[in-house]
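Asks: below are the sequence and a predicted model for it; my questions follow.
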Amino acid sequence: MPWIKGLVLLSRFEYLEKKYGTTVYQEFLDTISTADHNFAKQPVDTANLYADDLLVAIDQKLLEVHFKRDLEEFRKLGQWNAQNLMPKYFQLYLSEQKPVDFLDQFSRLREMLIGTGETKINVLDKKTVLVCTDYGQPIPRNVCLSEQGFIAEGLRLCGSKKVQLTEESCAS
C-alpha cells in the first residue's frame, strides 16, 4: 500500500468531525500537519495520491488520542463511510438492491476510491460471497477493519438481509 487516495484520508477526518465536533477536528488537523502536508490550511484533494505512511500516522493518532485504543472504532468508521459514499458511488445498487453487483463495482472502482490493492469477488452460492483483497504488502489492522466495515455496511444498504463477515486472514 505505498499510495492511497485522498478520499481515504478525508473519510477519517470527516468521521472525526462528525463524532467529536469541529473544534476537535481542527485541533487534530493542527497536530498532524507537517511542512509537506498542512491539513489545517490546505484541504485534502480526494483524487490525489498520498503516501501510505501518512495514513498509518493519522490512524495511529486517531487510535491513541480519540478512539481510546479501540481498534473496533475503525470498523465503525468504515460503516459510517459506507453510509456517506454509497449514495455517491453506488446509487444504482442501492436502488436496485443488488449487493453482489455492488461488490463487483467496488472491485472495479477500488483504484479510483482507495488507490491501492486489488479486490476479487467469488460468489460461492446464493448466500455466500468470498471477498479477497490483496494489498500487495502487509498493512495495519485498522485498515482491514475499516474496509470490512465499509463492505459489510454496503452489503446491508444494498439489501443483504444478514451480513456476517468471517475473516479467513488479515493482511496485517
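Replies: Sure, I can see it. None of the values given here were measured: they were computed from a predicted structure.
Asks: can you pull out the low-pLDDT segments for the chain?
Replies: 1 (pLDDT under 70).
Asks: which residues in it form strands?
Replies: With DSSP state E, the ranges of strands along the chain come out as 3-5, 49-51, 118-125, 128-134.
Asks: now distance to residue 165 and mean neighbour count too, for those, in CSV please.
Replies: In this view, the C-beta of every residue, glycine as well, is placed from N, C-alpha and C. Listed next are these as CSV, based on distance: least, CB to CB, whole Å; neighbours: other CB atoms under 10 Å:
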stretch, distance to residue 165, mean neighbour count
strand 3-5, 22, 19
strand 49-51, 27, 15
strand 118-125, 14, 12
strand 128-134, 9, 14
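Asks: which one of those strands lies closest to residue 85?
Replies: Closest to residue 85 of the strands of the chain, according to CB to CB: strand 3-5, at 11.9 Å.
Asks: mind giving me the packing neighbours of the closest one?
Replies: Other elements packing on strand 3-5 under the criterion 3 or more CB pairs under 8 Å, 6 or more residues apart in numbering; DSSP states H and E are strand 49-51, helix 52-61.
Asks: so what are the sheet partners of the shortest one and their directions?
Replies: Yep, that's strand 49-51 we're talking about. Strand pairing for strand 49-51, using DSSP bridges, gives strand 3-5 (antiparallel).
Asks: which outside residues touch the partner strand?
Replies: Here strand 3-5 makes contact (CB atoms under 8 Å, 6 or more residues apart in numbering) with 46-52, 55, 112-116.
Asks: closest one of those residues to residue 154?
Replies: Nearest to residue 154 among these, with distances taken as CB to CB, is residue 113, at 11.5 Å.
Asks: wait, isn't residue 97 in contact with residue 159?
Replies: Yes: shown here, residue 97 and residue 159 form a contact pair, counting by CB atoms under 8 Å, at 3.3 Å.
Asks: thinking again about what came up before, distance to residue 88 added to the strands of the chain, as a markdown table?
Replies: Below are the strands of the chain laid out as a markdown table (distance: least, CB to CB, whole Å):
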| stretch | distance to residue 88 |
| --- | --- |
| strand 3-5 | 14 |
| strand 49-51 | 20 |
| strand 118-125 | 19 |
| strand 128-134 | 21 |
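Asks: which among those is found nearest to residue 142?
Replies: strand 3-5 (12.7 Å).
Asks: got a list of what the residue lying closest to residue 87 once chain neighbours are set aside touches?
Replies: Nearest residue to residue 87, sequence neighbours excluded (CB to CB, 6 or more residues apart in numbering): residue 94, at 6.5 Å. Residues in contact with residue 94 (CB under 8 Å, 6+ apart) are 86, 87, 102, 157, 158.
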